[in-house]
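> how does the following fold in three dimensions:
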Amino acid sequence: MAAFLQTRTLHLIKRPRLLDPLSSLSPFARYFNTIAAAHQHPDPEGQSSFSFGDGGNSGCDAILVKGPNSGPKREGGSSSVTMPMSFMTGSIVGKRFYKQVTTRQSDDGNGWSVMLDYRTLKTPSKRALKLPTLSLAKAIAAEWDYQQTDGIRPFTMPLMRLACTALDLVFCRAPWDNNLTSGVYDRQVQKIDPLLDWVKTEFGFKPVVYSSFFGGKQDEGLVKAMEKLLKITSDCELAAIDALAAASHSLVISVGIFRGRLDIEEAIELIRLEEDLQVHKWGLVEGGHDLDIADLKFWIHVTCY
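Residues are numbered from 1 along each chain as shown. Next up, the predicted model:
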C-alpha cells in the first residue's frame, strides 16, 4: 500500500496535469477530512472549513470552500501574492493576512487561479500559480482557507507545495541563440543529451526538452514507462529513487543512477552543470556554493549506499 501511494504521488508530480480531479474517496480527500475534524475551532467566527461534495454536471467531485471571514472582493485593479522561498521549507511564514479564499479561471482561459481576497496567488519564483483543473485549484484554496490567524503553516499545505514544485522545478534548456547562455546550451548538449538518448533506448521514448521555464508536455508513452518502472520497485528502492529525484530535481537523473547508467560523480556533474559554469565564471561563494555541494554529495552518497 505504501509503495502504491508513493508511486502514485511521484507519477502525479511528473504529469503535466499534476493531479487528476480529486474524488471524495482519494487519500487526499481523507487527509483533508482528517485534519479538518482534528482542528475544530470552538468559535464559529474563527473556524476555517471545507467539504467534498458532488460536482454535479462538471464531471468530477467538487471541493467546496467555505471562508469564515468572507469579506467583500476588491473591485478594479489587480494584485498578487508571492510566497517567500521559506514557504518551501515548512516554517511558519507569517500571520494570515487575507479574509476570503476563492478560485477563478485564468485570464487566458487556460487553467485556474487561487485568489486571496483580490490577490492572485504566485509561486516562490513569482510565477502565476496556474492550475490545470478546477478541483486542484479548490483543493489548494481549501488549504489556504484552513490557515489560522496566528500563522500560515506550510506543512499543512501539501498540494500547494507540490504545485509550486511542478511549476518552478521543470526540466529546461538554455536558449541556443542567446550570447549569455550559448555556452550553457553547448555544455547541456554535450553532457545531458547522451543521458536522454539512453532514456530512449531504455524506455522507447526520448524526453522532450524545452527552453522555457514553463516547460511543456511529455510523451504519454514515456510517462507510462516511468510509471511502470516505479510500480515494480520495492519500498526501499522507491524511497531511494524519490530521495535521488528530490536531490537532483530530475527523475531522469534519478532513474539513471538507479539503473546504473550514471555513477555518483557523473550524476553530481549533471545536477550542478549550470551552477558550476556560473561558479567558474564568477567565483565560488564560501558558505553558499561549497555548502550546497557538500549537502548534495552527502545525500547522493547516502542514498546510493
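> contacts, neighbours, all on C-alpha from now
Will do.
> low-confidence stretches in the chain?
1-93, 169-182, 212-215, 305 (pLDDT under 70).
> quick check: domain ranges of it?
22-159, 182-303 (automatic domain parsing).
> can you put those in CSV and add distance to Asp168?
Converted to CSV, those look like this (distance: least, C-alpha to C-alpha, whole Å):
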stretch, distance to Asp168
domain 22-159, 6
domain 182-303, 7
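> adding mean neighbour count and distance to Ala166, write those out as TSV.
Formatted as TSV, those follow (neighbours: other C-alpha atoms under 10 Å; distance: least, C-alpha to C-alpha, whole Å):
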stretch	mean neighbour count	distance to Ala166
domain 22-159	17	10
domain 182-303	15	10
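> how far away is Asp197 from Thr149?
Distance of Asp197 to Thr149, given as C-alpha to C-alpha, to the nearest Å: 51 Å.
> check Leu270 too.
Distance from Leu270 to Thr149, by C-alpha to C-alpha: 43 Å.
> do the same with Ala246
Applying C-alpha to C-alpha to Ala246 and Thr149 gives a distance of 32 Å.
> likewise Ser211?
Note on Ser211: its distance to Thr149, by C-alpha to C-alpha, is 41 Å.
> contact partners for Ile268?
The contact partners of Ile268, taken as C-alpha atoms under 8 Å, 6 or more residues apart in numbering, are Leu296, Lys297.
> end to end on stretch 252-265, go ahead and measure it.
For stretch 252-265, the end-to-end distance is 16 Å (C-alpha to C-alpha).
> touching that stretch from outside, list them.
Taking C-alpha under 8 Å, 6+ apart as the rule, stretch 252-265 contacts Leu195, Val199, Ile241, Asp242, Leu244, Ala245, Ser248, Ala267, Ile300, His301, Cys304.
> wait, Leu284 sits on Ile293?
No - contact between Leu284 and Ile293 fails when scored by C-alpha atoms under 8 Å: they sit 10.8 Å apart.
> tell me where the stretch 101-250 of the chain has helices.
Using DSSP state H, counting those that start in this stretch, the helices of the stretch 101-250 of the chain run over residues 134-146, 158-168, 182-203, 220-231, 235-248.
> the first one packs against which elements?
Taking 3 or more C-alpha pairs under 8 Å, 6 or more residues apart in numbering; DSSP states H and E as the contact definition, the neighbouring helices and strands of helix 134-146 are strand 49-53, strand 62-66, strand 101-105, strand 112-116, helix 158-168.
> buried residues in the longest one?
By neighbour count on 16 or more other C-alpha atoms under 10 Å, the buried set for helix 158-168 is Leu159, Met160, Arg161, Leu162, Ala163, Cys164, Thr165, Ala166, Leu167, Asp168.
> in contact with the second one: list those residues for me.
Pointing back at Met160 there. Ile140, Glu143.
> ok, now how distant is the nearest residue to Asp168 once chain neighbours are set aside from Leu277?
Computed as C-alpha to C-alpha, 6 or more residues apart in numbering, the closest residue to Asp168 that is not its neighbour in sequence is Ser125, at 6.4 Å. Noted for Ser125: a distance of 22 Å to Leu277, by C-alpha to C-alpha.
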